[in-house]
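1. Structure, please.
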Amino acid sequence: MAATPQKPAAATPRRKVSRHRGEGQWAAGHFTPLNGNEQTKKDDDGLNVRTRIETIYSKRGFDSIDGGDLRGRMRWWGLYTQRKPGIDGGKTAVLEPEELDDEYFMMRVRIDGGALTTQQLRVIGEISQEFARGTADITDRQNVQYHWIRIEDVPTIWERLEGVGLSTVTACGDTPRVMIGSPVAGIAEDEIIDGTPALEEMKRRVLNNKAYSNLPRKFKTAISGSPVLDVVHEINDIAFVGVHHPEHGPGFDLWVGGGLSTNPKLGVRLGAWVPIDEVPDVYEGVLSIFRDYGYRRLRTRARLKFLVADWGAEKFRQVLEDEYLGGRKLIDGPAPEQPVQQWRDHVGVHPQKDGRFYVGFAPRVGRVDGATLTKIAELAEAHGSGRVRTTVEQKMIVLDVEQDRVDSLVEGLEALDLTARPSTFRRGTMACTGIEYCKLAIVETKQRGSQLIDELERRLPEFDEPLTINLNGCPNACARIQVADIGLKGQLVLDGNGEQVEGYQVHLGGALGLEAGFGRKVRGLKVTSQELPDYIERVLRRFLAEREDGERFATWAARASEEALS
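-> The predicted structure follows:
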C-alpha cells in the first residue's frame, strides 16, 4: 500500500535579528544614529553651518535655508527661528515646525561669566537698535537674546560682535553652552576663590572645538567662588563651587548631573576637591564622559543627569579618574557651607575688596532694550566704570564705582527704571521668553510678569520677605519654576465659565542654596492668568499670618495645609 503523502511542515517564521543598540552610547560602540537629531549631526557638524550662512543663506534669503540647518545646525551659532505672530498656545503642540516658524530669528549672544566691558555692552545695544527692533533680553544664564533678526544681517552682526570679543558660537545646540560664573568674581570682599582663570581656560579648550561639538544634548556649566552660591550650581550639568579645604586651602567642590525641564534632578556631589589649575582638566573629563557615554537613543533621556542617576556618584567619579584623568585620583573634599543670606543676586550697593563699590540693579523680568543698554554703558562710564556684569537672576551690575559716585549712579539708574532698591516683587520675579517669540510656549510671560510686579507692589507694599516668583511659558522650565518659592508653569486651563484660557500650574516652596529642593504641587491647583494676582496675594497673606519667627516661605509652604495654599 502506498504511503499517505504528508503535508510539508509549515515554515518556521524567521526571527528578525538585530543588533542591540542600547542607549546609543558611543563608548559602547553604538555609533548608528538612532533619531533624526543624531542623523543631522552625523551628516554635518553644526559648526560648519556658519560658512553656508555667510556665503549662501544671507545672500539668497530665508527660503534658501536647508531644513536640517534651519531647525538644527544653526543653533550651533546661537540662532533659533522665532514663533510666527498670532499663533495661540493651543496650537503649539499641534502645528508642524514649518507652520510655527517665522522668517526671523532669535539670536543668543553668549556672555561667559556675565562679564562685559562697557564697550561690549554699547555694541550689544547698538546691534539691538539696528537689527533687532530694539529687543535685548537678559536671560537667567547671563546671556543676551535678540529677536527679529534677519538672516541677511547675521554676518554683519557677527562681525560687529566679534570685533569687541563677543560671539554666538554654541550659544545653543547640543554643545557646551555658556559658562556661567559669579558676576562679582575677582572683586567681592567675601570671595573664597576667583574662578575666572579656570573659566577662561575652559572656554579656550572647548569653544569652536569639534571634539565637543556633537554632544547628546546641551551641556550647562557653572563656576563660582562666592560663598553666597550665586550660580545655581545645583541645576547645571557640571558645577565648580568654591570651598576651603582644611589642608589644601581654597579650591572647588565638584557637582554633576543637575537639570530641570520635565524631569528635574538636582546635581550630586562627587566628594572631590579640585584646585583651580586642575579645573579645566576635570571639566574636559566630565564633558568627554557625556559625549562618549551619554544616551543618544531618546532625546528625552539624553541629558547628563540621566547617566549620573543610573551610575551614581561613586561610579561616575571612578570612570572620570580612571578613563579621563589618566588614573589620577581626585582629592576628597568638603561640601560648601550653607549661605547666610537668601538673596543671591547681588542687587544693591556692595563694597569691593579694592575699596570701591559695585551696584546691582533690577530690570523688569530681564526685559530691557538696546537703547537702555547703551545708556547703561554711558552711565557706568560717566561714574568711572568700564565693566558691567549680568547675573543668573536676569539682573545687572556696574563694577568699580568710587564711593562718592555711588549715589549719583543709583539715581541715574532709577531714571531708567532700573532700580538698585527694588521691592521684593521686582527683585524676585523672573520670566522666560514666553509665547511672544518662543515656539514651545503656551502662554505669555514677560508682560504678565511685569504686570504682576506692579499689582503685587500695590496690594502688598510692606511685604519685604525674600521671595522668588518664576513664570514659564511651557513645561521646559527655562525660568526654573521647580526651584522658585512660587513657580508658575504655563498651560491652558478652564476659567469659571468653562472656557479654555491662559493659566498656570502652581509649584510652591522650591529652593536652591539654603535647602535645595523642588516645589510642592497641590493636586488640581491651577490658576488663570487673570486670577494670578488674587491668588498670590491670598497665599502671601496666609504665609504672613501663619509663619513662625524667621520662617522662610519655602519652609512654610512645605508644611502648610492644602487649603492654605489654594
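
2. can you give me the helices in the stretch 101-250 of the chain?
-> Across the stretch 101-250 of the chain, reading from the start of the chain, the helices by DSSP state H, counting those that start in this stretch fall at 118-131, 154-162, 196-206.

3. pLDDT wise, what is the residue nearest to Pro422 when sequence neighbours are not counted at?
-> Spatially, and ignoring its direct neighbours in sequence, Pro422 is nearest to Ala362 (4.2 Å; CB to CB, 6 or more residues apart in numbering). Just so you know, the C-beta spots here come from the backbone N, C-alpha and C atoms, and that holds for glycine as well. Per-residue confidence at Ala362 stands at 97 (pLDDT).

4. Phi, psi for Ala362 please.
-> With angles defined as degrees, to the nearest 10, Ala362 sits at phi -120, psi 100.

5. I figured it was touching Arg427, is that so?
-> Yes. Here Ala362 lies in contact with Arg427, judged by CB atoms under 8 Å, at a distance of 5.3 Å.

6. Please enumerate the shared neighbours of those two.
-> With CB atoms under 8 Å, 6 or more residues apart in numbering applied, the overlap between the contact sets of Ala362 and Arg427 consists of 345, 347.

7. Give me the nearest residue to Thr196, chain neighbours excluded.
-> When the adjacent residues along the chain are set aside, Thr196 lies closest to Ala185, with 5.0 Å between them (CB to CB, 6+ apart).

8. The one you found and Ile138, how far apart?
-> Using CB to CB, to the nearest Å, Ala185 is found at 18 Å from Ile138.

9. swap in Leu307?
-> Applying CB to CB, the value for Leu307 to Ile138 is 31 Å.

10. again with His350
-> Taken as CB to CB, the span from His350 to Ile138 is 19 Å.

11. ditto for Glu436
-> Noted for Glu436: a distance of 16 Å to Ile138, by CB to CB.

12. So which of those two has more stuff around it?
-> Taking neighbours as other CB atoms under 10 Å, Glu436 and Ile138 compare with Ile138 leading, 23 against 16.

13. How many residues are close by Gly225?
-> When counting by other CB under 10 Å, one arrives at 28 neighbours for Gly225.

14. what does Ile397 give?
-> Number of residues near Ile397 (other CB under 10 Å) recorded here: 26.

15. Could you tell me whether it really is in a helix?
-> No. Secondary structure of Ile397 (DSSP: H, G, I helix; E, B strand; the rest coil): strand, not part of a helix.

16. what pairs with it across the strands?
-> Beta-bridge pairing of Ile397, defined through DSSP bridges, involves Gly360, Arg389.

17. Verify the stated contact: it with Arg389.
-> Yes. With contact taken as CB under 8 Å, Ile397 and Arg389 are classed as touching, separated by 4.3 Å.

18. joint contacts of these two?
-> With contacts taken as CB under 8 Å, 6+ apart, Ile397 and Arg389 have 114, 183-184 as neighbours in common.

19. how far away is the residue nearest to Pro422 from Ile453?
-> When distance is defined by CB to CB, Ala362 is 10 Å away from Ile453.

20. repeat for Leu254
-> Where Ile453 is concerned, Leu254 sits at a distance of 37 Å (CB to CB).

21. Compare the two and say which is more crowded by neighbours.
-> Set side by side, Leu254 and Ile453 show unequal neighbour counts under other CB under 10 Å, the larger going to Leu254 at 27 against 23.
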